[in-house]
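Asks: Sequence unavailable; structure follows:
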């Protein structure tokens, strides 16, 4: 991915903010923990081995303040972004990694009623994209009528579910979309997510798949939502459509989870209300000159982000290193790409750009899971690298 592919002017938050991320430096196996303040990037690795450790501080915002004699200046954040657009094979230049490390990576499913229809269709056609248009035309009016204005977990939601079941439209997705309990699943293992500029992966066996542009919350071990970033919850629609029990195969593969470019910490200028009102833009560009643009409006989410966080972590479930929580997407493309009636699916080489002005931009290119670099750097490698640097 060349520098010409993206204008640097919109890759970082338009209004600055305090950013936290991870960086691969040439000649070093140990990822650096990086803080961006007023556009300048600082290496805080002498104080924090991991991002999880930093975010678990009692006041992470204060902890990110650079200390002159401890935190080396790495240059501008724009330079890091520019360098990360080089191919990953060019190890002579720094590259951004996913901004999380030891955190669990979880995701919320079917949190936008507007996308529920597509989940129901996937299940109804058993993952066969060729039949989707026929089912879509038949189901859409009834589903739209039943779910308009419904809030999950309310008596109205229960009545709508009963009405749909009576008409033979029951689906497991209805339960998590409008029932009291959200779908929270494991998207990826700690340290397996890829970052800005990296390839993302789909399985060779999948013929119906798409990106899922989402906002991702950063939550510390105490269950406090302390920041947000962008994510791509790469989705294999044909595999999940065959059976919900194949969710792991559809969602958790090499390179199938992208997060970045940085975690923006909440402060007096940016917080959960700004997440609730954000608009997330998606732009897909193919080598076949295909383009698709879409926008997800967070104001349409059916479950509040803080409710999703409470359902993910609390007395019922602890995460001592914190977690990253994808909030879900209203993006389920139906625009035909190859054949009439078969909708959208990825081609190799697609460049996927996800953006919202106050979190910046996440850019990745599509490849096959077994063709991109395998995930080899886990916790054991991190501990070995740390011992080598800090005997």
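Replies: Nice, I can see it. Predicted model only: the values in this text are computed from it and were never measured.
Asks: alpha carbons only for contacts and neighbour counts from here, please
Replies: Noted.
Asks: Show me where the stretch 151-300 of the chain has its helices.
Replies: 155-166, 172-178, 237-242, 247-251, 272-276 (DSSP state H, counting those that start in this stretch).
Asks: where in the stretch 1-150 of the chain is pLDDT low?
Replies: Filtered on pLDDT under 70, the stretch 1-150 of the chain yields the residue ranges 1-9, 86-92.
Asks: what ranges do the helices span in it?
Replies: 51-55, 60-63, 77-84, 113-124, 132-147.
Asks: would you turn the ones you listed into TSV with distance to residue 365 and mean neighbour count?
Replies: As requested, the helices of the stretch 1-150 of the chain are exported to TSV (distance: least, C-alpha to C-alpha, whole Å; neighbours: other C-alpha atoms under 10 Å):
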stretch	distance to residue 365	mean neighbour count
helix 51-55	25	23
helix 60-63	32	15
helix 77-84	13	20
helix 113-124	24	22
helix 132-147	27	15
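Asks: Relative to residue 208, which of these is closest?
Replies: Residue 208 sits nearest to helix 113-124 of all the helices of the stretch 1-150 of the chain, at 10.1 Å, using C-alpha to C-alpha.
Asks: How about residues contacting that closest one?
Replies: Contacts with helix 113-124, where a contact means C-alpha atoms under 8 Å, 6 or more residues apart in numbering, come from 110, 128-129, 132, 135-136, 139-140, 143, 147, 171, 173-174, 177, 237-238, 240-243, 301-302, 329-332.
Asks: Can you flag the buried ones in those residues?
Replies: Neighbour-count burial (16 or more other C-alpha atoms under 10 Å) is assigned, among the contacts of helix 113-124, to 110, 128-129, 132, 135-136, 143, 147, 171, 173-174, 177, 237-238, 240-242, 301-302, 329-332.
Asks: Of the helices of the stretch 1-150 of the chain, which is nearest residue 233?
Replies: Closest to residue 233 of the helices of the stretch 1-150 of the chain is helix 113-124 (C-alpha to C-alpha; 14.4 Å).
Asks: thinking residue 81 is in contact with residue 96, fair?
Replies: Yes: if you go by C-alpha atoms under 8 Å, residue 81 and residue 96 touch, sitting 7.3 Å apart.
Asks: So for residue 344, what pLDDT did the model give?
Replies: pLDDT for residue 344: 91.
Asks: which ones are touching it?
Replies: Residue 344 touches 208-210, 333-338, counting by C-alpha under 8 Å, 6+ apart.
Asks: For stretch 241-257, measure first residue to last.
Replies: Distance across stretch 241-257, first residue to last, is 19 Å (C-alpha to C-alpha, to the nearest Å).
Asks: who's in contact with it?
Replies: Against stretch 241-257 from outside (C-alpha under 8 Å, 6+ apart): 119, 122-128, 187-188, 192-194, 199-203, 231-237, 239-240, 369-370, 372, 374-375.
Asks: Pull out the buried members of these.
Replies: 119, 122-128, 187-188, 192-194, 199-203, 231-237, 239-240, 369, 372.
Asks: Those in strands, which ones?
Replies: Secondary structure from DSSP state E places 187-188, 199-202, 231-233, 235-236 of these in strands.
Asks: Once you drop chain neighbours, what's closest to residue 355?
Replies: Among residues not flanking residue 355 along the chain, residue 361 sits closest, at 4.3 Å (C-alpha to C-alpha, 6 or more residues apart in numbering).
Asks: So what's the residue count around that neighbour?
Replies: Per other C-alpha atoms under 10 Å, the neighbour tally for residue 361 reads 27.
Asks: wait, isn't it in contact with residue 14?
Replies: No: between residue 361 and residue 14 there is no contact under C-alpha under 8 Å: 10.4 Å.
Asks: For residue 258, name its beta-bridge partners.
Replies: Here residue 258 sits in beta bridges with residue 194, residue 232, as judged by DSSP bridges.
Asks: Tell me who's in contact with it.
Replies: With C-alpha under 8 Å, 6+ apart, residue 258 has these contacts: 98, 193-196, 200, 231-233, 364.
Asks: Residue 349 too?
Replies: Per C-alpha under 8 Å, 6+ apart, neighbours of residue 349: 286-287, 365-367.
Asks: If we only consider those, which is nearest to residue 23?
Replies: Nearest to residue 23 among the contacts of residue 349, with distances taken as C-alpha to C-alpha, is residue 365, at 19.1 Å.
Asks: before we move on, the earlier item: most neighbours of all the contacts of residue 344, which one?
Replies: residue 209 (24 neighbours).
Asks: doesn't residue 345 make contact with that residue?
Replies: Yes: using C-alpha under 8 Å, residue 209 is in contact with residue 345, at 4.9 Å.
Asks: for the stretch 201-350 of the chain, what spans make up the strands?
Replies: Residue ranges of the strands in the stretch 201-350 of the chain, as given by DSSP state E, counting those that start in this stretch, are 209-210, 213-219, 225-233, 235-236, 257-265, 279-285, 291-297, 323-326.
Asks: Quick one: these as a markdown table, columns for distance to residue 34 and mean pLDDT too.
Replies: Below are those laid out as a markdown table (distance: least, C-alpha to C-alpha, whole Å; pLDDT from 0 to 100):
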| stretch | distance to residue 34 | mean pLDDT |
| --- | --- | --- |
| strand 209-210 | 31 | 94 |
| strand 213-219 | 16 | 98 |
| strand 225-233 | 15 | 98 |
| strand 235-236 | 30 | 94 |
| strand 257-265 | 9 | 98 |
| strand 279-285 | 25 | 96 |
| strand 291-297 | 29 | 94 |
| strand 323-326 | 18 | 98 |
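Asks: any chance of these in JSON lines, with distance to residue 352 too?
Replies: Below are the strands of the stretch 201-350 of the chain laid out as JSON lines (distance: least, C-alpha to C-alpha, whole Å):
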{"stretch": "strand 209-210", "distance to residue 352": "10"}
{"stretch": "strand 213-219", "distance to residue 352": "9"}
{"stretch": "strand 225-233", "distance to residue 352": "9"}
{"stretch": "strand 235-236", "distance to residue 352": "13"}
{"stretch": "strand 257-265", "distance to residue 352": "11"}
{"stretch": "strand 279-285", "distance to residue 352": "5"}
{"stretch": "strand 291-297", "distance to residue 352": "10"}
{"stretch": "strand 323-326", "distance to residue 352": "17"}
